[in-house]
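Q: coords please:
(4 chains)
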Number of protein chains: 2
Amino acid sequence: MTATPTPRVTIKDVAARAGVSKGAVSLAFNRKPGLSEATRDRIFAAARELGWSPSTTARTLAGSRVDVVGLAVCRPARLLGLEPFYMEFISGVESVLVERSCALLLRLVRSPEEEVGLLESWWRGRQIGGSILVDFRSDDPRPAVARRLGLPVVAVGHPSLTGGLTSVWTDDATAVAEAVRYLAALGHRAIARVGGAAELGHTSIRTAAFDEAVGALEPATRAWQVATDFSGDAGARATRTLLAAPAGERPTAIVYDNDIMAVAGLSVAAEMGLRVPQDVSLLAWDDSQLCRLTRPTLSAMSHDVHGFGAEVARTLFGTLTGDGPGSHPVPTPVLTPRGSTAPP
Amino acid sequence: MTATPTPRVTIKDVAARAGVSKGAVSLAFNRKPGLSEATRDRIFAAARELGWSPSTTARTLAGSRVDVVGLAVCRPARLLGLEPFYMEFISGVESVLVERSCALLLRLVRSPEEEVGLLESWWRGRQIGGSILVDFRSDDPRPAVARRLGLPVVAVGHPSLTGGLTSVWTDDATAVAEAVRYLAALGHRAIARVGGAAELGHTSIRTAAFDEAVGALEPATRAWQVATDFSGDAGARATRTLLAAPAGERPTAIVYDNDIMAVAGLSVAAEMGLRVPQDVSLLAWDDSQLCRLTRPTLSAMSHDVHGFGAEVARTLFGTLTGDGPGSHPVPTPVLTPRGSTAPP
DNA sequence: GCCCCTCACTGAACCGGTAAAGTCTCAATT
DNA sequence: AATTGAGACTTTACCGGTTCAGTGAGGGGC
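A: Model (predicted):
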């Protein structure tokens, strides 16, 4: 990108105006000792008058902190656009970053390999001071990479997936179990789950938890699970397949892995002439505002996604300031019954 | 943020390994003339072996391009999470940025003033090479600021709003007119519009266009307009108010400014015992996948938001490489009739 | 009155690149 | 044989900060 026509004001100008050396200005702005109160004030005054603030670029180059956090998201763009989750998550992250006047470098990547490459070049190029890692898969290469590079990261995902990295996670297994128990308690004996992308670690966790929760119910209970790609279309397809079976051989309740798919499921049920919740109960996940806008409203496993993002950012700052690896569970999603669930 | 434990490989290492000066390495990596083919190859080989790529920080400081684009979004986080528009827009922007290995610096701000301050400090600190400006208001301060700073920007909004900056825009006025004409052609004589935030420039444009379009219809036609904040809740409230009037005194068709509000409207209509589209027609805007997931499906003014973002990014690159100010309209949203519109 | 310390601040080196000016070599021109 | 010029690099001076080894003044102790 091209040059700047603006006459930049630099540390030198401030130093000159305050009648000190640039070293002194640097000391003042980094709150380091060795300056008298008077000089410090004079320097700040000069900076204010000139409208100067230190260049992060120069600062970074000179070897101090990098106040940028990286976030690479690896999902097809088409889906990202739809997931209320991410925007809410990002806004939570941001809410903490701003307080520390730290910026978020966002990049959508197409493959885990591309993400690894990106992290390497970001880190080597000192573009970021740390990174948030999301969407863990089994045998995810990123823990090893982060460790090799010495890149400070926080992993969003269950500790079993994140290879010993500091992690922030929701207890999806417990939440799935709660969802299943809730539906069973309503009287459902034929429960399906429309899951997310199979390659994602948290999908496996939920899948296993679903199996286990169903196993703990009375033996006559039937269960189905389908993997999708999180898109509404996939959710609609999965729902159609599940509900196509004759009455008595199809699920009477369906749990979805996000809310977009649940919305899609709602329409499919209607299209097939089934009433929600009388003929089939639907339970969404993540609970964005969307769940309250449908008719019937969607019961959901709800979850403070904004707060989740904020906690992730806080944890990253902790890591950056020397906290050792740790595991930070955030509150388990809680069942929020609304209009889409009822006894069969 | 803390130091790096990684032994960094720099241009000097590459130079040493290739047996040249660092100036030569710089020439090679910037594809400048003055090096023999052989030397160039040797340098690239050395860089590859060492896994080196130039530090953008150092590059930036040394006064060449800054390969980061800024985007500050000023809307309450709560709403952002819901707007499929933004994520899709961002993914479109990204799709072009990656090709130029350029990053997107994203920040959510709370006020236009904060955004102006951010742009100043980003630019002064050489954090960004250019910026994308969205959500113009009347008397928006940003055109003046961008001009004063010499900050290369592209404004997303109608030229009448963007104060002479290079702009990329959709012809909302024409689209609104098309929507109104379509509804009128179906036979509607009582048409409402649930608009977005009143302070936003494009809302005013749509509001005026709606008035004008309605004025061109037969005199008996009645019209309503409501301003909201783009949230589903606000959309629901507005719809409820509009439809609360006795039959004959309420709109038979409603146009929404985004799709979230249209989804909300759908439920409100159902809740009030009105059938869509028989009793009331609904028309959404922006047409994310959501519109195809509801029942009935939502007719919408549809709009390639991803492509819009891509065009914005391309235009910004144009500006950065010296293109003068210009106005870049992207295709007008087109009416996509689905199940939510019909004759009254 | 001398020595030693501390405090407040300066100067220069450095971070990892870019860019412009300088040097060297060698072939073509006169 | 001397001049010129182009090509291929190297040297050097920044960019805007940070950091650290000085430096000089002033105060306290004896």
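
Q: residue numbers of chain A in contact with DNA strand D?
A: Proximity of chain A to DNA strand D is confined to A:8, A:10-12, A:22-23, A:25-27, A:29-30, A:32, A:52, A:54-55, A:57-59, A:61-64 under the rule CB under 7 Å from any atom of the strand. Yep, even glycine has a C-beta here, placed from its N, CA and C like the rest.

Q: ok, now which ones touch residue A:296?
A: The contact partners of residue A:296, taken as CB atoms under 8 Å, 6 or more residues apart in numbering or on different chains, are A:266, A:276-277, A:338-340.

Q: picking up where we left off before, out of the residues of chain A next to DNA strand D, who's near DNA strand C?
A: Near DNA strand C, by the rule CB under 7 Å from any atom of the strand, you find A:22-23, A:27, A:58, A:61-63 out of those.

Q: in helices only, show me these.
A: A:22-23, A:27, A:58, A:61 (DSSP state H).

Q: weed out the non-buried ones from these.
A: Listed as buried from these are A:27, A:58, A:61; burial here means 16 or more other CB atoms under 10 Å in any protein chain shown.

Q: surely the second one meets residue B:63?
A: Same thing as residue A:58. No. Applying CB atoms under 8 Å as the test, residue A:58 and residue B:63 come out as separate, 11.5 Å apart.

Q: which residues are common contacts for the two?
A: Between them, residue A:58 and residue B:63 share no contacting residue under CB under 8 Å, 6+ apart.

Q: can you count the residues close to residue A:272?
A: Neighbourhood size, residue A:272 [other CB atoms under 10 Å in any protein chain shown]: 14.

Q: and which of the ones in helices among the ones next to DNA strand C among the residues of chain A next to DNA strand D is nearest to residue B:239?
A: Of all these, residue B:239 sits closest to residue A:58, with 53.8 Å by CB to CB.

Q: how about the residues of the stretch 101-250 of chain A by chain B?
A: For the stretch 101-250 of chain A, the residues in contact with chain B (CB under 8 Å from any CB of the partner chain) are A:103-108, A:120-121, A:123-127, A:129-130, A:149-150, A:152, A:231-233, A:235-236.

Q: same thing but at 7 Å, please
A: Selection of the stretch 101-250 of chain A residues close to chain B by CB under 7 Å from any CB of the partner chain yields A:103-108, A:121, A:125-127, A:129-130, A:149-150, A:232, A:236.

Q: ok, these vs chain B, which is closest?
A: Nearest to chain B among those, counting by CB to the nearest CB, is residue A:129 at 3.3 Å.

Q: now residue A:188: closest residue in space that isn't a chain neighbour?
A: In this structure, residue A:188 finds its nearest non-sequential neighbour in residue A:253, 4.2 Å apart by CB to CB, 6 or more residues apart in numbering or on different chains.

Q: next up, the contacts around the one you found.
A: Taking CB atoms under 7 Å, 6 or more residues apart in numbering or on different chains, we find residue A:253 in contact with A:183, A:188, A:191, A:280-281, A:283.

Q: closest one of these to residue A:203?
A: residue A:283 (16.3 Å).

Q: now stretch A:30-49, how far from the chain's geometric center?
A: Distance, stretch centre to chain centre, for stretch A:30-49: 40 Å (CA atoms, centre = their mean, to the nearest Å).

Q: ok, and what's touching it?
A: Residues contacting stretch A:30-49 (CB under 7 Å, 6+ apart): A:14, A:17-18, A:20, A:24-25, A:27-28.

Q: change it to 6 Å
A: With contacts defined as CB atoms under 6 Å, 6 or more residues apart in numbering or on different chains, stretch A:30-49 is touched by A:14, A:17-18, A:25, A:27-28.

Q: dump that stretch to PDB, restricted to CA.
A: Output of stretch A:30-49 as PDB, limited to C-alpha atoms (Å, rounded to 0.1, in the frame of the first residue of the first chain):
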ATOM      1  CA  ASN A  30       6.100   3.100  29.600                       C
ATOM      2  CA  ARG A  31       5.700   4.200  33.100                       C
ATOM      3  CA  LYS A  32       9.200   3.300  34.000                       C
ATOM      4  CA  PRO A  33      11.100   4.900  36.800                       C
ATOM      5  CA  GLY A  34      13.900   7.300  36.400                       C
ATOM      6  CA  LEU A  35      12.000  10.500  35.600                       C
ATOM      7  CA  SER A  36      10.900  13.300  37.900                       C
ATOM      8  CA  GLU A  37       7.200  14.000  38.200                       C
ATOM      9  CA  ALA A  38       7.700  17.400  36.600                       C
ATOM     10  CA  THR A  39       9.500  16.100  33.500                       C
ATOM     11  CA  ARG A  40       6.900  13.300  33.100                       C
ATOM     12  CA  ASP A  41       4.100  15.900  33.100                       C
ATOM     13  CA  ARG A  42       5.900  18.100  30.700                       C
ATOM     14  CA  ILE A  43       6.300  15.100  28.300                       C
ATOM     15  CA  PHE A  44       2.700  14.100  28.500                       C
ATOM     16  CA  ALA A  45       1.700  17.700  27.900                       C
ATOM     17  CA  ALA A  46       3.800  17.900  24.900                       C
ATOM     18  CA  ALA A  47       2.500  14.600  23.600                       C
ATOM     19  CA  ARG A  48      -1.100  15.700  24.100                       C
ATOM     20  CA  GLU A  49      -0.500  19.000  22.300                       C
END
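
Q: ok, and the closest non-adjacent residue to whichever residue of the stretch 151-300 of chain A sits closest to DNA strand C?
A: As assessed by CB to the nearest atom of the strand, DNA strand C sits closest to residue A:151 within the stretch 151-300 of chain A, at 15.9 Å. Take residue A:151 and drop its neighbours on the chain: the residue closest to it by CB to CB, 6+ apart is residue A:123, 4.7 Å away.

Q: same thing with residue A:189?
A: Counting by CB to CB, 6+ apart, residue A:189 lies nearest to residue A:221, which is 5.0 Å off, once chain neighbours are set aside.

Q: quick one: strands adjacent to the strand or helix carrying residue A:193?
A: Using DSSP states H and E, residue A:193 sits within strand A:190-195. Here strand A:190-195 has these sheet partners by DSSP bridges: strand A:222-227 (parallel), strand A:253-256 (parallel).

Q: name the element residue A:66 belongs to?
A: Secondary-structure assignment from DSSP H and E places residue A:66 in no helical or strand segment.
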